[in-house]
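In: My questions are about this predicted structure, shown below with the sequence.
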Amino acid sequence: MWRFLANPRVSLPHLARPLVEAAHEGIEQLCDDYALVVHDWSRLAFRKHKSKRDTKKLSHEGDVGYDLATSLVVCDRSGSPITAVLQNLVTKDGLWSSRAAEIRSEVLPHLDELSGSMAWLKEQGFAKRLVHIVDREADSVGHWRQWHTAGHLWLLRIKGGSRLVYQNQDASAAAVADGLSFRYAADVVIHGKPARQLVAETTVTVTRNARPKRKNAKGRRMAPVPGETLTARLVVSRIEDEQGNRLAVWYLLSNVEQDVPAERLVLWYYWRWNIESFFKLIKQAGQQLESWEQETAPALFKRLLIATQACSMVWRLMQSPTPQSKQTCAFLVRLSGRQMKRNRPITAPAMLDGFFKLLTLLEALKIYSIPELQSFASTALNPNHSRVTSSTRLI
């Protein structure tokens, strides 16, 4: 592994190519009308890894590591993840991207970098139109206008205090929502308790100036930037308990066509949680990324792309409807040895664990025969054949 990751002929785009191909295949086969692309960022902390030479300060001097940006393709039909089609890694020296072989010294703010990612994804010519889904970090008027002008479709969560124009009046998103008529959407469960989801929507415009967070050459924040009036859909989702108490609320802004119902937009945003599950899968529940000992970001990034391919294989197998695939999923979970919940007999972490053990088993079968493996098992369970104790009989 060390030699492979250090090989200069193994480039990041080369390792990312199967992920792009998996996105093309999954979008064509699994998506109905659109392909959802969820964007998010995650910090990779390596405080105890003193040998890493290119880590950057994340929040304070003692918190060092890398900043990972991921674009995850999700099926618009079922919400199932397909693959992480694009990833960027920010280090002390610059930005590494799965779409470029060399490091880029200039590191842009998150949303500016996201604009470049959207443009690159559009250039790939996927079979279905992409809908970009981002959380409240994308509450930025200037970027809304930029993405809309570039022809991108987006679904964004905004803050309740975001200013919008509704019925020729300037108001916050929360104030606009208070004047809407909500309709029942679905029964849900929140924190283990039953609740119901209510949805409302309306058309709003955005006329206010953008306020860039960037600073000019003098270190001062840039002046507000005026722009054209932007028309969008405001979709509000409320979760209430049986007594009518409000438990949660989302304010969503989108330029997706009106033929997509508001309830479906809310469901699409709910599926954004898949990217959090992906980060957990590679950092905690399967790959343990923050324990990797590669000393440079390029080597770690190459290993990350390989690990992402493993995640994509597991997701593809879990989504396959064939009886053989379902039997294989059950076999891998059983091979993992993990205890599963009754309502979730198949999970990606258990599948990854079982997959690793299956590959180890197949490698052993290349070297040893089944009788030899059975002999090894017998010896391991009872190393002293001539002196059998009661404990070994129980085994």
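Out: Received it, and whenever you're ready, just let me know what you need.
In: What helix or strand is the spatially most central residue of the chain located in?
Out: What sits nearest the mean C-alpha location of the chain, by CA atoms, centre = their mean, is Ile275, with 2.2 Å. Element membership for Ile275, per DSSP states H and E: helix 273-280.
In: Report the mean confidence score over the helix or strand that comes right after that helix.
Out: Scanning forward in sequence from helix 273-280 by DSSP H and E, the next helix or strand is helix 297-319. Averaged across helix 297-319, pLDDT comes to 95.
In: which residue ranges form the helices in the chain?
Out: Assigned by DSSP state H, the chain shows helices spanning 2-6, 12-30, 110-123, 141-149, 173-178, 262-270, 273-280, 297-319, 323-336, 348-367, 370-381, 390-394.
In: Could the C-alpha coordinates of the longest one be exported in PDB?
Out: Below are the C-alpha coordinates for helix 297-319, written out as PDB (Å, rounded to 0.1, in the frame of the first residue of the first chain):
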ATOM      1  CA  ALA A 297      -2.100  14.700   2.000                       C
ATOM      2  CA  PRO A 298      -1.700  13.200  -1.600                       C
ATOM      3  CA  ALA A 299      -1.100   9.700  -0.200                       C
ATOM      4  CA  LEU A 300      -4.000  10.000   2.300                       C
ATOM      5  CA  PHE A 301      -6.200  11.400  -0.500                       C
ATOM      6  CA  LYS A 302      -5.400   8.400  -2.800                       C
ATOM      7  CA  ARG A 303      -6.300   6.000   0.000                       C
ATOM      8  CA  LEU A 304      -9.500   8.000   0.600                       C
ATOM      9  CA  LEU A 305     -10.500   7.500  -3.000                       C
ATOM     10  CA  ILE A 306      -9.900   3.800  -2.700                       C
ATOM     11  CA  ALA A 307     -12.000   3.700   0.400                       C
ATOM     12  CA  THR A 308     -14.800   5.600  -1.400                       C
ATOM     13  CA  GLN A 309     -14.800   3.000  -4.100                       C
ATOM     14  CA  ALA A 310     -15.400   0.400  -1.400                       C
ATOM     15  CA  CYS A 311     -18.400   2.400  -0.100                       C
ATOM     16  CA  SER A 312     -19.800   2.700  -3.700                       C
ATOM     17  CA  MET A 313     -19.600  -1.100  -4.200                       C
ATOM     18  CA  VAL A 314     -21.500  -1.700  -0.900                       C
ATOM     19  CA  TRP A 315     -24.200   0.900  -1.800                       C
ATOM     20  CA  ARG A 316     -24.600  -0.700  -5.300                       C
ATOM     21  CA  LEU A 317     -25.000  -4.100  -3.800                       C
ATOM     22  CA  MET A 318     -27.500  -2.900  -1.200                       C
ATOM     23  CA  GLN A 319     -29.600  -1.300  -4.000                       C
END
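In: how far does stretch 247-254 sit from the chain's center?
Out: 20 Å (CA atoms, centre = their mean, to the nearest Å).
In: can I get the CA coordinates of that stretch in CSV?
Out: Only the C-alpha atoms of stretch 247-254 are listed here, as CSV (Å, rounded to 0.1, in the frame of the first residue of the first chain):
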residue,chain,number,x,y,z
LEU,A,247,-40.5,20.5,17.1
ALA,A,248,-38.5,21.5,14.1
VAL,A,249,-38.7,23.8,11.0
TRP,A,250,-36.8,24.0,7.7
TYR,A,251,-36.8,27.0,5.4
LEU,A,252,-35.9,25.8,1.9
LEU,A,253,-35.2,28.0,-1.1
SER,A,254,-35.1,26.4,-4.6
